[in-house]
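[1] what follows is a predicted protein model with its sequence.
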Amino acid sequence: MKKKIAAGVLAAATLGSVLLGASAPAFASSGGCISGDACLYYSPNLQGAKFGKGEFGNYDGTFGGGGSGNGQPVLNNAASVWNLDHYHNLRVHYREFSIRDSGPSQFIPHDSWANLGNVSWNGGSINMRNNNHSQSWETL
């Protein structure tokens, strides 16, 4: 439910920015990550620019907050992730959100972080670093 409310607030804020003529592009990141977000980092070990996303979906946006990777697209550019949600586990998917269940993903438990790396898939291995397309949440 929290994720749906957050998505509604984001939609309302985006509409308000459009109506007021704000110059920031949709889905731009200030580099901020808040409780409940998946916080993606451009570099390993939670270093460099970051991007916070609290809802399901594709990584449409840019890294912010300064540092290495600032202004770069999040899609296929993340090296580490911190799951700041206390009640949901996170899956970072190799493929886009609409077909996420048909491909490899990396599991990040609630309140923990990980460097994106190799995951097993179809008898082989896929490296999730810089191969991250979307995310989904799993209830504990």
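    That came in fine, so what should we check first?
[2] what's the burial count for A114?
    Using other Cβ atoms under 10 Å, A114 has 18 neighbouring residues. The way it works is simple: take the backbone N, C-alpha and C, and place the C-beta from them, glycine included.
[3] D60 contacts N76, correct?
    No. Using Cβ atoms under 8 Å, D60 is not in contact with N76, being 11.9 Å away.
[4] so between these two, which is more surrounded?
    For D60 versus N76, the count of surrounding residues by other Cβ under 10 Å is larger for D60: 15 against 12.
[5] how about the contacts made by D85?
    Contact analysis of D85 by Cβ atoms under 8 Å, 6 or more residues apart in numbering lists S35, G36, D37, A38, G54, H110, D111, W137.
[6] name the nearest residue to Q72, ignoring sequence neighbours.
    Using Cβ to Cβ, 6 or more residues apart in numbering and skipping residues adjacent in sequence, the residue nearest Q72 is F63, 5.2 Å away.
[7] kindly report the same for V74.
    Using Cβ to Cβ, 6+ apart, the closest residue to V74 is Y59 (4.1 Å).
[8] from N122, how far off is that neighbour?
    Y59 sits 23 Å away from N122, going by Cβ to Cβ, to the nearest Å.
[9] let me see the ranges of the helices in this structure.
    Using DSSP state H, the helices found in the chain span residues 2-20.
[10] where does it dip in pLDDT?
    1-30, 99-101 (pLDDT under 70).
[11] enumerate every residue touching G57.
    Counted by Cβ under 8 Å, 6+ apart, G57 has contacts F97, S134, Q135.
[12] what of A79?
    Y41, Y42, S43, P44, G48, N115, L116, R129, N130 are the contacts of A79 under Cβ under 8 Å, 6+ apart.
[13] what do you get for I108?
    So I108 contacts A38, V81, N83, N89, L90, R91, V92, A114 (Cβ under 8 Å, 6+ apart).
[14] which of the residues you listed fall within strands?
    A38, V81, N83, N89, L90, R91, V92, A114 (DSSP state E).
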